[in-house]
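In: I'll drop the sequence and a predicted model, then ask my questions.
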Amino acid sequence: MDNKQAVDKPLLLLLSVFVVATCGLIYELIAGTVASYLLGDSVTQFSTIIGAYLFSMGIGSYLSKFFKDKLLNWFVKIEIMVGLIGGISSTLLFTLFGLAVSFKVILYALVGITGLLVGLEIPLLMRILEHRYEFKDLVSKVFTFDYIGALLASIIFPLVMIPHLGLMRTSYLFGLINISVALIVAFKFSKELNNHLSLKLYGFLSALLLLLGFIFSNYLMTWTESLVFNENIIYSCSSPYQRIVLTQDKKDLRLYLNGNLQFSAVDEYRYHEALVHPLMHQHNYKKILVLGGGDGMAVRELLKYPQITSITLVDLDAKMTDLFSKNSLLQQLNQASLVHPKVKVINTDAFQWLKSQPEQFDGIVVDFPDPSNYAIGKLYSTLFYQVLYDKLADSGMVVIQSTSPLVAPKSFWCINNTLQFAGFKTLPYHTNVPSFGEWGFHLAAKHQPRLLTYAIPIQTRYFTIDEFNKSTYFTPDMKVDTKEINKLNNQMLVHLFEQEWSVYQ
Amino acid sequence: MKRKEFISVLWSSSLIGSACNQFSLQPISVTINGPAHHLGHQLRQPSKLVAKETKNIKTLIIGGGVSGLTTAYFLKKNGYEQFLLLELNDRVGGNALAGNNHITGYPYGAHYITIPDANDKPLISFLHEVGVIVGFNEQQLPIINEEFICHAPDERHFMNGIWNDGLIPHQQISEADRQQFQRFFALMHEYKLSMGKDGKHAFTIPVQSASMDEKWLQLDDVSFHDFLTKNGITSGALYWYINYCLKDDFGGHAQQVSAWAGLHYFASRRGNAANAESDAVITWPEGNYWLVNKLKKDLQEHIINNSLAVEVDDQSRDTILVKVKQEHHTFNVKANQVVMATPHFINKRLLKQPPEAFNKLTIESSPWAVINITLNADFASTRGIPLSWDNIIYGAENLGYVHAQHQAIRLPNQDTVITLYYCFCKQTPALERQKIQLWNEDDWKTFVIDELKQAHPNIKHYMSNIEVWIWGHGMVLPAVGLKKKLLKIKHEYSSKRILFAHTDYSGISIFEEAFHQGLSAANQILHAHQG
């Protein structure tokens, strides 16, 4: 047997039981935490993960009988494996959540493998130490260290590790500790181990990998993000209001705000032409207001109308408008619209600003994000539209992006009802933007907005007056009879929007 | 990109982000504040202060809370200029004071009103004047300014590890409990419809309009708890809810509060609006301080801040002499009329020779803490209903917290402010006052974190500032027997020269009562003036 010498350093091996137990439980807690973050329902996640983990430990213990010799070799190998798998587990889980068809399979596979390996270790170790102690002492010692390790893990995980290191770094750190123990054992027992050099090499490589993970976990965060996006991230930053991500693939440039696609360079012209030209086409509007639309694309379309004397763009996020004013790649896209002399950019809250400023505008473009939360839902409320009404010249007109009438018809017609409740006459229409799907808009004014009768020589790729007039027709699958009005004290639109988009998944 | 992917991106980016970033250890600063008690304690030795000058005025209002301000507001509105208003603090507002920081305004006390009763014409016309009511529909129902009606989602409660909709724990209670809730609300509805022989509602706000039939008044002799037991109410969940409501409005629990007052909480509201549910509330980020600003708008030249009335001497036949202390300066005011818009325990000290019955009357009030916490808005990401206006924790001693920015109509920043309300009414008010007087910054910090950790275990990692506002005497506790004592006092001690206008004398401390206290005083002054 190769473990005759090993018994001379039993304390080291017992200590490694302690470390293995601590690390094992930490991996299990990490899996539970990540799962309850990502899947919700922490009670279910934790209990199924603990169950799966303990069960796999049982399998590991059972399988241990098939390990006949080179027990110390196996012990070190298993420790390295546990450390490596446990160490990268949280990164792996976050990464795979966006990619995998069935995240749960991966989650439980990971928990199962970790449990199995940890389950192997105790029986192996007991067999390594079997001649050193009397059986009763052996059992007592090994399990004492095992359970104390578990206690330590359960205390430091919530109190020290998560608060100070966060999930990713915690798992890397414990992976490192795990592998360090394996390496110490490998060095102390060099003579007893077969092929100890390759074991040490594996150990060092794994440790190096985890160390890099530990140091660069911030970058890894962006990297996992890029995997989730499926595209090359060329720029990303967090403003106080949102996470801005630009991606590029072949010829397509895309902008995401908080993970929601804002435009794809391939077909954004369809969206922005449909947003701007029906408003501007037959009207001699001079004084224009754009709310939202910090990417400058709507302004680009507006600037095709030479009669416009001023465009005021109000967007909350200075990081957005700065990016689209200064970056040359993006300037190509919006044709440097945001730095045009007729354009004035104001970075402030649109609702607050609109309410407090005294002027009226001829044309107003309202291009807010979809009403996916209560804060944005307020920008689609009767109160907001009443303010909008006050700030619109009598002959003026407003256009409002109004989510998809195909996916979310109740939401779309709720916006229509809300506009009418605020006093507007409306003309709803829709268009197809491949990267978005079927998308809807409302023209709204103090007079009834009409179909277009004559064309104006403006260069467009998609928009024609015939196409627009057709787009005011809604097929039955986009029509729904709803009387709901979005008020601040019911936030009906947010409920409808959530309902309808969740079904669409 | 598919919807599912959108969501997963959102999840993973925000969660990894928060898992890595949220736990930065920032120090939490704590400040302890309250109405100017340093000045207030000088009340105890008025004779030591010597006045150097005397001002003459027709009417003097002492106290710049909602009652005193309402008196002043209506005097001014009716062209009566001969008055001054003394305020102890550096600004008026009383229980409706508010603070603010770089994020938002937030309340130090009272923070909402309910939909006004159709019979309450003066309040309705006031609310119309200041823009809370923007018009009336064909049925003459008031149209409330939508900005001020509590936005959705308005209320949630934390129970069994999840935030549930509304304040009533309807989802996670037993069938028996549920039936008791139904019975209780049916019973309250009966009382709501009850009328006295005098043709008045049995329970209504303002309480001065309520029926004086003995049948209803005798409910002042029993506690609400005894009243409930007699009516077969036993459910623990229901008792918790009732106690939450009573503490929130009266600063006392069902064993302390009289049945008459308790019924006023549950059976007096019959407001109706064109565009809001009848149980909706009207609120602002800074709470009722918004209304205070409207009340005080034209009163600048009449208000004297940082001034403590220390003695009111009505022994002379034609004038009342009021001694007033400012920081470095004492003066007298000679007035024909004084409105004491100050709590009863102050009035007892102020009056040089209070009549015996007046002196004997004790009006209890519990100490309160209103704690404004500045924190990262991510603190709220918990299971269930998202952050709402009112957020209460089932079974907790505290009264939950209000999200100060809930009524804001701008997109939120990363940081926000929540206002935690706590009424110290486990023991007697005096003992509770003694207890919290000794607490230092760290005690308050521990207290706040402990109160919230059940629903938000990691909340301390999100906090940056805790501002504790202590009300030693929060509001009148409508204890068993108080109503009858108040009626007696009214008979025995009313003069045309000294008018008491404080919610202590309503027995219920809410904006509507203060408004009517102030309005009655104003009407009496105007009447005497014209007569």
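Out: Sure thing, it's come through.
In: Which single residue of the stretch 101-250 of chain B ends up nearest chain A?
Out: Evaluated by C-beta to the nearest C-beta, the stretch 101-250 of chain B has residue B:152 as its residue closest to chain A, separated by 3.8 Å. C-beta here means a position set from N, CA and C on the backbone, and glycine is covered the same way.
In: Now do that residue: how many residues are near it, please.
Out: Residues lying near residue B:152 (other C-beta atoms under 10 Å in any protein chain shown) number 21.
In: for the chain, what helix or strand is lowest in average pLDDT?
Out: Picking chain A for this. Least confident helix or strand, chain A: helix A:217-229 with a mean of 61, by mean pLDDT, DSSP states H and E.
In: Which strands or helices does the following helix or strand past it pack on?
Out: Read in the C-terminal direction, the helix or strand following helix A:217-229 is strand A:232-238, with elements assigned using DSSP states H and E. Using 3 or more C-beta pairs under 8 Å, 6 or more residues apart in numbering or on different chains; DSSP states H and E, the elements in contact with strand A:232-238 are helix A:217-229, strand A:243-249, helix A:318-326.
In: mind listing what the second one pairs with, with the direction of each?
Out: Same thing as strand A:243-249. strand A:232-238 (antiparallel), strand A:252-257 (antiparallel) (DSSP bridges).
In: List every C-alpha atom in that strand, with coordinates, as CSV.
Out: Taking C-alpha atoms only, strand A:243-249 is exported to CSV below (Å, rounded to 0.1, in the frame of the first residue of the first chain):
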residue,chain,number,x,y,z
ARG,A,243,-26.4,50.0,-18.6
ILE,A,244,-25.5,51.0,-22.1
VAL,A,245,-24.1,48.3,-24.3
LEU,A,246,-23.1,48.6,-28.0
THR,A,247,-22.5,45.4,-29.9
GLN,A,248,-21.2,44.8,-33.4
ASP,A,249,-21.5,41.7,-35.6
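In: Could you report the pLDDT at the nearest residue to residue A:339 once chain neighbours are set aside?
Out: In space, and not counting its chain neighbours, residue A:339 is closest to residue A:325: 5.4 Å by C-beta to C-beta, 6 or more residues apart in numbering or on different chains. The per-residue pLDDT reported for residue A:325 equals 92.
In: check which helix or strand covers the spatially most central residue of chain B.
Out: Taking C-alpha atoms, centre = their mean, the centroid of chain B lies closest to residue B:110, which sits 3.3 Å from it. For residue B:110, there is no helix or strand it lies in under DSSP H and E.
In: List the residues that contact residue B:405.
Out: For residue B:405, the residues meeting the contact criterion (C-beta atoms under 8 Å, 6 or more residues apart in numbering or on different chains) are B:103, B:104, B:285, B:412, B:416, B:417.
In: Just put those in CSV and tack on secondary structure.
Out: Conversion of the contacts of residue B:405 to CSV gives the following (DSSP: H, G, I helix; E, B strand; the rest coil):
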residue, secondary structure
B:103, coil
B:104, coil
B:285, coil
B:412, coil
B:416, strand
B:417, strand
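In: Among those residues, which ones lie close to chain A?
Out: With C-beta under 8 Å from any C-beta of the partner chain as the criterion, the contacts of residue B:405 include residue B:412 near chain A.
In: Now the buried members of the contacts of residue B:405.
Out: Taking 16 or more other C-beta atoms under 10 Å in any protein chain shown as the criterion, what is buried in these is B:103, B:104, B:285, B:412, B:416, B:417.
In: quick one, phi psi at the residue lying closest to the fourth one once chain neighbours are set aside?
Out: Right, residue B:412. Leaving out its chain neighbours, the residue that sits closest to residue B:412 by C-beta to C-beta, 6+ apart is residue A:375, at 5.3 Å. Here the main-chain torsion angles of residue A:375 (degrees, to the nearest 10) amount to phi -70, psi -40.
In: May I see the buried residues of whichever helix or strand residue A:162 is part of?
Out: Using DSSP H and E, residue A:162 maps to helix A:162-188. With burial defined by 16+ other C-beta under 10 Å, the residues of helix A:162-188 counted as buried are A:162, A:165-186, A:188.
In: same question, stretch B:342-350
Out: Of all the residues in stretch B:342-350, those buried under the rule 16+ other C-beta under 10 Å are B:342, B:343, B:344, B:345, B:346, B:347, B:349, B:350.
In: returning to what we had before: next one, pLDDT for the residue of the stretch 101-250 of chain B closest to chain A please.
Out: Among the per-residue scores, residue B:152 holds a pLDDT of 92.
In: got it, and residue A:246?
Out: The per-residue pLDDT reported for residue A:246 equals 82.
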